[in-house]
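> kindly return the folded structure for what I paste below:
(2 chains)
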Amino acid sequence: MESADGAARTLPSTRRLSRGPLFGRAHGRFGLSPSSWLLPPAPRSQVGPGCADPQTTAFLLRKQWTLYSVTPLYRFSNARLRDYARLLSACIAAEKQKGLAVEVGVELDIKVAVSSLPDLKGSDQDQAAILVQLSSRSPASQKNSEEKLIWSGWFCCVFGDDLSENVPEDFTCLPLFLANGAETYTSIVGSWFQKTFDCCFRRLAISPLNLSWMAAMWTGCKVDKTVSAIELVFSVPCLPHPLDISYAIHPEDAKALWDTIQKTPGEITQEEVDVFMDCLYSHFHRHFKIHLSATKLVKVSTAIASAHCDGIIKFLQSQYLTGVLMLLTELAISQIQ
Amino acid sequence: SEKMQRRRSSKTPKQPLQVLHHKTQTDLSAWRKGGRIDPEKSVQNHQSLNDQKNDSKQDSLEEALSYFETVQDRVSLKKNSVLQKHLTTVESIALQRGLPPEGFDVLLNVALSGKLADTVNTRLLKSLVPASVIPETSVVSSVSWLCVSKCSGNIQLLFLRWLITMFDFIDHKEQLHALYGFFFSFLQDEKMCPYVCHLLYLLTRKESVKPFRIRRLIDLQAKMGMQSHLQALLSLYKLFCPELVTITLPGKMKTYFKNSEGPWKAAINTVRRRNQNSPVSQPLFLGTAQPQSRKRKWNTQLIIPVRSKTKNNLEEDREKNRIDLYSTNESFPVEQLQTFSQLLQNIHHLEFPSQMGSVLTNPLLLHYMNCIKDESIYLRLYYWMGQTLQEECTWCVADNNQYEEEFKDFLETVYKTECFLQEGFSSCEEFLYKSLPLWDGFCCRSQILRLVSWIPLSNFSEMKSHLYDPLAQLFFTSSLYFKCSVLESLKELLLNWLNWHVIHLDSESDSQVHSLNTTLSGLVNVVAELIHFVGWISTVALRLENNPTFLLYFILDFYETVCDMYLRYNLPLLIMPPAGVFYPALLSMDSVSLNQLCYIMYRY
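Residues are numbered from 1 along each chain as shown, chains lettered A, B, ... in the order given. Presented below is the predicted three-dimensional model:
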């Protein structure tokens, strides 16, 4: 993976198919890994713009979210969220009707709610996050109107200036989509968005390199009560029975290690991450004689969040939510461009 | 029929060698004697044998059908061996391949007319498995038999279950919808009621919901109690016309209807599996609904989306139009755009479809796109194409190997669109830069090389590392044919660049923007780099392959374009073929190469 930085691609002219969009391709997006990363200013203060109100975002925590990258939405308007909810519920009802006659199964009355989360963003140029929730009301007890949340998904953009600064006004940049719930609903909602706003959804996978970045970054974050250990899961394929190795490290030890490695507070470089991981690998090797560097890192769990290479994330701390989202937004944008 | 078969096998394409001819003869005789067939037979022999087997089966089916057509009353199964034979023929063929559409008419008539005993009728109905479709006429005539009630009640029930199971195989359903009232009248029979309800459930449309039918259903419910099948039908009526059905229905029933598939389930599965494996060309693209086969990912976009109007713009348009009195109020719906004259008439109030990807296959919309200089259109297309190409690339993403054919077709479509527009897509260019380093040179080869020839002309300084290096790597390690294909596509690339340059030299309006970054000297450098690259790989290739004429032809073809650059395309560049190309051409034994070389020298 080459990090082709400084590829001097001159700005393409406007209004030509053969010219790309007006992006200053200073980073030469044909390579992948960032050579350095600025840490998110963390922890976010409780007051001020762009901080996530812990109450509204409490429902985001401790749930498994599947990640998708979304290209900019065309002609999406924040003022018409109710209309979108209506159209989406009609679409879902139509899909349900397509079921076979033999099982007229799902008598669930599905209600769609589309709302905006104005606090969940990074800079002021970012679009406010959009939340879509599907809840079912059992028709038997209509007075009760006890609604059960069956699916939720939200679009967000945290410090996505790279993408949004060069895109014309008709487009809304919300490159990250997170979904929790049944895959059938994800497909229905996603297809509706694709048809209506001409966008593309793609599963966002997290490479082992990015996972190791996350491990290093999240280890360095200060957490109030260090309960959970830092766990790394490696998978060894190509054996008769694929082997999964789980490596748990005491969080304080890991943080101590990281503090000795990191030189500039607020900035992380690739070398520091490599050193950190090498230390962990060599420690493991000393005890078990297994070279973890030859295996594939598939999952990272820390006190802040846990991430799986298939593109599944779980947020555990609300104060670092924006930071993790910033990282994920960056990954999503790199998959779009 | 045996004579026919012998004739057919001798019609197999004449083998030039005597040996193979003898082989056909021996195999045929072996088959006739019922003896062992030589395992080393050629493919054609195997084919002809299979055909013979199929034909014999077909013949016996035809015999059986003609028998059933003319059978008289009261033939007992136990006593009549002919009937038994034909019955077993029909059953076995039905289970293996399914029956052809012509067979249904005859067999349904026999089964429902009560001519033969119930055992025969049951076996007939159970073997009515379609190979492809069931003609509607046969179903209509069998419904008329049902009304006459010549057959026993059990057979009627079995027929209804058959109709429910095979509902999707019936080719047209207009007449069946017209028979809705007939089916409805069968509700009074208690035994038939559940199945009739199921059938009505499948047939009901909004027009079928009439107040008297609703009343009838409610009466039946009062008489028989709350039956799940009646509930199902009522709730469907309520869905269509909620104002007519005022009673409250308890919801939350998992299954309303009993599964009727039983007797046919195994046979249907066999037939379905066979049909899936057979190379039936599925209309995967271009305006048809999304096929079911592509279930693996819902966001798969290899299927070019259907053209449909943007729905969410209606309100905005209305507001705009209140201000602008002179424009027409509605925009022309994109689905109706069929001819060029329509495009010309409606060009000022035409809207692009909601998913830009669908313009790829529509030349009219492509024309329109050329006229409209709207950046958002290009951006939408850019994102959609870029994402689709990256997502579906068969060698970049691990699971995609099985979808190579579809990806090839998609690349073909993109290429054709580029040829139509005479312009390359930048998303396609980026896709090539990302995927060429990983390409094996084999997968979708001709499509990729053709797409390479449409890379737009620009000052991209990294072209060497992103295009030339991966191509060179593949070039040197590949076959002669691949080398020639690459040279041909690079020649096309040069031609496209030169054409582009000529066109944009003329259009002064672009010069302002153009001159920002694509100066003439910049262009000249890029073109020169390409030519030097081709010169280099040609020299090495000639040495590797020991100067074959075939390769030399393609190389000199490239240089024929090069020598015309100044005179025809106004690009002030003069590059001679390198020594490694010139001398082999000069000293070659073939007149073709010499001819080309002389032409080049003449042009200079």
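> I'd like the distance from stretch B:463-475 to the chain centre, please.
Relative to its chain's centre, stretch B:463-475 lies at 34 Å (CA atoms, centre = their mean, to the nearest Å).
> do the same with stretch A:286-306
With CA atoms, centre = their mean, you get 21 Å for stretch A:286-306.
> residues near A:P237, how many?
The local packing of A:P237 (other CB atoms under 10 Å in any protein chain shown) involves 8 other residues. Bear in mind the C-beta positions are built from the backbone N, C-alpha and C, glycine included.
> what sits against it?
Shown in contact with A:P237 (CB atoms under 8 Å, 6 or more residues apart in numbering or on different chains): A:K296.
> quick one, strands of chain B?
Remark: no strands are assigned in chain B by DSSP state E.
> low-scoring stretches of it, by residue?
Counting by pLDDT under 70, the low-confidence segments of chain B come to B:1-55, B:74-77, B:250-256, B:260, B:272-331, B:333, B:399, B:506-518.
> domains of it: list them as residue ranges, please.
Following the assignment in the TED database, chain B carries domains at B:53-264, B:389-506+B:517-603.
> closest residue of the stretch 151-300 of chain A to chain B?
The nearest approach of the stretch 151-300 of chain A to chain B comes at A:S187, 3.3 Å away (CB to the nearest CB).
> tell me if that residue really is in a helix.
Yes - the assignment for A:S187 (DSSP: H, G, I helix; E, B strand; the rest coil) places it in a helix.
> what's the distance between it and A:D224?
39 Å (CB to CB, to the nearest Å).
> okay, those two: which has more neighbours?
Counted by other CB under 10 Å, A:S187 and A:D224 do not tie: A:S187 has more neighbours, with 17 against 9.
> and of the domains of chain B, who's closest to A:L239?
Comparing the domains of chain B against A:L239 with CB to CB, the closest turns out to be domain B:389-506+B:517-603 (18.3 Å).
> near chain A at all, the closest one?
Yes - judged by CB under 8 Å from any CB of the partner chain, domain B:389-506+B:517-603 and chain A are in contact via B:390-391, B:421, B:423-427, B:429-430, B:433-434, B:456, B:458-462, B:465-466, B:517-518.
> burial count for B:Q447?
18.
> do the same with B:E405
Neighbours around B:E405, by other CB under 10 Å: 11.
> kindly report the same for the one 4 residues further on.
By the other CB under 10 Å criterion, the neighbourhood of B:D409 contains 16 residues.
> how much space separates it from chain A?
19 Å (CB to the nearest CB, to the nearest Å).
> I'd like to know which of the domains of chain B is closest to A:E231.
domain B:389-506+B:517-603 (26.1 Å).
> any idea how far apart the tips of that closest one sit?
Domain B:389-506+B:517-603 has an end-to-end distance of 41 Å (CA to CA, to the nearest Å).
> now do stretch A:287-294
Span of stretch A:287-294 from end to end, CA to CA: 16 Å.
> please apply the same query to stretch B:241-259.
OK, stretch B:241-259 end separation, CA to CA: 27 Å.
> circling back: tell me the buried residues within the residues of domain B:389-506+B:517-603 next to chain A.
B:390-391, B:421, B:423-427, B:429-430, B:433-434, B:456, B:458-462, B:466, B:518 (16 or more other CB atoms under 10 Å in any protein chain shown).
> for A:V132, pull up the helix or strand it's in.
A:V132 belongs to strand A:129-137 when assigned by DSSP states H and E.
> wait, isn't A:F155 in contact with A:L176?
Yes - in this structure A:F155 lies within contact range of A:L176 using CB atoms under 8 Å: 6.9 Å.
> overlap in contacts of those two?
A:V70.
> which elements pack onto the lengthiest helix in chain A?
Scanning chain A for the helix with the most residues, using DSSP state H, yields helix A:270-288. Secondary-structure packing of helix A:270-288 (3 or more CB pairs under 8 Å, 6 or more residues apart in numbering or on different chains; DSSP states H and E): helix A:208-219, strand A:243-249, helix A:251-261.
> what residues sit buried inside it?
So helix A:270-288, judged by 16+ other CB under 10 Å, has buried residues A:Q270, A:E272, A:V273, A:V275, A:F276, A:M277, A:L280, A:Y281, A:F284.
> what sits up against that helix?
With CB under 8 Å, 6+ apart, helix A:270-288 has contacts from A:33-36, A:212-213, A:215-216, A:219, A:232, A:247, A:249, A:257-258, A:261-263, A:290-293.
> now do stretch B:545-552
Stretch B:545-552 is contacted from outside by B:480, B:483-484, B:487, B:538, B:541-542, B:581, B:584-585, B:588, B:590, B:592-593, using CB under 8 Å, 6+ apart.
> kindly report the same for stretch B:135-146.
So stretch B:135-146 is contacted by B:101-102, B:104-105, B:108-109, B:112-113, B:151, B:156, B:159, B:163, B:170-176, B:179, B:182-183, B:186 (CB under 8 Å, 6+ apart).
> hmm, B:I555 and B:K491 touching each other?
No - in this structure B:K491 lies outside contact range of B:I555 using CB under 8 Å: 9.4 Å.
> between the two, who's got more neighbours?
B:I555 (27 against 20).
> burial count for the closest residue to that one other than its chain neighbours?
What sits nearest to B:I555 in space, not counting adjacent residues and going by CB to CB, 6 or more residues apart in numbering or on different chains, is B:S538, at 4.4 Å. Residues within reach of B:S538, counting by other CB under 10 Å, total 26.
> right, and B:S538 touches B:C484 too?
No - using CB under 8 Å, B:S538 makes no contact with B:C484, being 10.8 Å away.
> narrow the buried ones among the residues of domain B:389-506+B:517-603 next to chain A to those in helices?
Those of these lying in helices (DSSP H): B:Q390, B:E391, B:L421, B:S426, B:S427, B:E429, B:E430, B:Y433, B:K434.
> closest to chain A out of those residues?
The nearest member of those to chain A, counting by CB to the nearest CB, is B:S426 at 3.9 Å.
> isn't that closest one up against B:P456?
Yes - at 6.5 Å, B:S426 counts as touching B:P456 under the criterion of CB under 8 Å.
> which of the three states applies to A:G153?
strand.
> can you name the residues bridging to it?
Beta bridges link A:G153 to A:V132, A:A179 when assigned by DSSP bridges.
> what's the neighbour count on B:F184?
If we define neighbours as other CB under 10 Å, then B:F184 has 22 of them.
> got a list of what A:F315 touches?
Applying CB under 8 Å, 6+ apart, one finds that A:F315 lies in contact with A:L60, A:L61, A:R62, A:K63, A:W65, A:I304, A:A305, A:L321, A:V324.
> run the last query once more with 7 Å
Each residue near A:F315 by CB atoms under 7 Å, 6 or more residues apart in numbering or on different chains is listed here: A:L60, A:L61, A:A305, A:L321, A:V324.
> tell me the residues on the stretch 201-337 of chain A that lie near chain B, please.
A:F201, A:R202 (CB under 7 Å from any CB of the partner chain).
> on that earlier part again, quick check, nearest of the contacts of A:F315 to chain B?
Distances from chain B to these, taken by CB to the nearest CB, are shortest for A:L60, at 23.0 Å.
> quick check: pLDDT value at the closest one.
Looking at A:L60, its pLDDT is 87.
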